[in-house]
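Fold the following and give me the result.
(one chain, ligands or ions: 2)
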Amino acid sequence: MNDVSEIIETLYRGDGGALSADDIASFLDECESGDYDEALAARAREVREPIYGNRVYVRGLIEISNICKNDCLYCGIRRSNRNCIRYRLDEDTIISCADEGYELGFRTFVLQGGEDAYYTDDVMCSIISRIKSSHPDCAVTLSLGERSRDSYRRMRSAGADRYLLRHETANPDHYAQLHPASMSYENRIQCLYTLRELGYQVGCGFMVGSPYQTNRHIANDLCFIRDFYPAMCGIGPFVPHHETPFASFPSGTVEKTCRLLSIIRLLCPHVLLPATTALGTIHPRGREMGILAGANVVMPNLSPVGVRKQYELYDNKICTGEESAQCRDCLELRIRSVGCEIVTDRGDVKK
Ligand code: SAM
Ligand code: FES
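Numbering: from 1, shown residues only. Ligands and ions are numbered 1, 2, ... in the order given. Purely as a prediction, here's the structure:
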């Protein structure tokens, strides 16, 4: 057995904790020079099977605002993009998106947006409690960036169940290459620990193929994910946006994203792992390939069709023209094509 196959077996046995960042970095290097991805994916599916079977959870994504005070260098809705047409959804519109999603079988709503000061704690708490009181069998996930501990606490008390905050990179120097000096790696990581302490199911994650990323950086990401053991982990390819400083950097690849989905499944067998829209953007069957690599979540869009194009984090984002019902039906067929089944379920993490 060569080194790569041995490491795949170590991961499969649940002994990934024994691997150092150096081991993982050279494993990633070697994976690039051989044909190991199918073996890795097969092991990831074997580990997923007894926990989640062939069930894939759906989350209804409501993109509440593309107004953001931040200026992340990779992001199409960054503050400096003067050519972005800005919008924000009011409370009643967000509630109608959730109501429509409920009828379509969604039992989790993800409210995602830029860091927009309009959504004060009072506004957010009102939205969260209205969704929870109309649909007590549903989970509310927030993805609103960095806020204060008190803000996270209030939204949790109002009923929010989960919070997605990608750590973006577990290497402080790399973090500084992707973000303006006003943003801090330490604060981002602190937010993740605060959210967990407040009782949220927490999601972290990163972009595959982000500018300046090396396999050593990814090894640090994987060690962070393994040790933090999040309930959810969002990884998708970096895709350039033409109005950002990273416009001319290449996208991440499907192969590497799928390879990392498999490794994360093996390192954290219970994690809720989405096959992201970005993966579907760089390959027509990207999301199906993600499920085959070990993912078990998809996040179709529930935002009003009129604003979808404006939530343009990267170029050529898919699913911006379809109605919510079409998105759901389309994903249902795609998931079935790889032998899995979308279920009507909150889809909490299995412990
Ligand atoms: N403002 C919130 C936050 O900071 O977590 C949520 C919105 S933010 C747009 C959600 C995620 O989009 C980021 O965590 C980032 O990883 C991803 N993203 C942004 N620009 C991207 C790009 N060009 N390609 C792929 N993913 C991107
Ligand atoms: Fe704020 Fe992208 S810079 S959401």
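
for the chain, what are the low-confidence residue spans?
Within the chain, the ranges that satisfy pLDDT under 70 run 1-2.

who touches the lengthiest strand in it?
The longest strand of the chain (DSSP state E) is strand 201-208. Residues outside strand 201-208 that contact it (C-beta atoms under 8 Å, 6 or more residues apart in numbering): 74, 141, 161-170, 192, 195-196, 213, 218, 221, 224-225, 228, 230-238, 252-253, 256-257, 260, 272, 278, 348-349. Every C-beta, even on glycine, is put in place using the N, C-alpha and C of the backbone.

Check stretch 338-351 too.
For stretch 338-351, the external contacting residues (C-beta under 8 Å, 6+ apart) are 51-52, 54-59, 105-108, 137-139, 201, 231-232, 270-272, 288, 291-292, 296-298, 328, 331-332, 335.

6 Å instead, please
51, 54-58, 105, 107-108, 139, 201, 231, 270, 272, 288, 291-292, 332, 335 (C-beta atoms under 6 Å, 6 or more residues apart in numbering).

List only those of the residues you listed flagged as buried.
For the contacts of stretch 338-351, a burial check counting by 16 or more other C-beta atoms under 10 Å picks out 54, 56-58, 107-108, 139, 201, 231, 272, 288, 291-292, 332, 335.

Now go through those residues and say which are in helices.
288, 291-292, 332, 335 (DSSP state H).

Would you mind giving those as CSV with distance to Val208 added?
Shown next, in CSV, are these (distance: C-beta to C-beta, whole Å):
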residue, distance to Val208
Glu288, 17
Ile291, 16
Leu292, 16
Glu332, 26
Ile335, 22
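
ok, those vs ligand 2, which is closest?
Ligand 2 has its nearest neighbour among those in Ile291, at 26.4 Å by C-beta to the nearest ligand atom.

Touching, the closest one and Ala275? I think so.
Yes. Counting by C-beta atoms under 6 Å, Ile291 touches Ala275, with 5.2 Å between them.

Count the residues that sit near the residue lying closest to His135 once chain neighbours are set aside.
Counting by C-beta to C-beta, 6 or more residues apart in numbering, Tyr102 is the residue found nearest to His135 once chain neighbours are left out, at 5.3 Å. By other C-beta atoms under 10 Å, the residues close to Tyr102 number 18.

Now do the phi/psi pair for Tyr102.
phi -60, psi -40 (degrees, to the nearest 10).

Adjust the sequence numbering to begin at 235 for everything that follows.
Taking 235 as the first residue, the last one we looked at is Tyr336.

what's the spacing between it and Ser368?
8 Å (C-beta to C-beta, to the nearest Å).

what's the answer for Gly433, then?
For Gly433 relative to Ser368 (C-beta to C-beta), the value is 22 Å.
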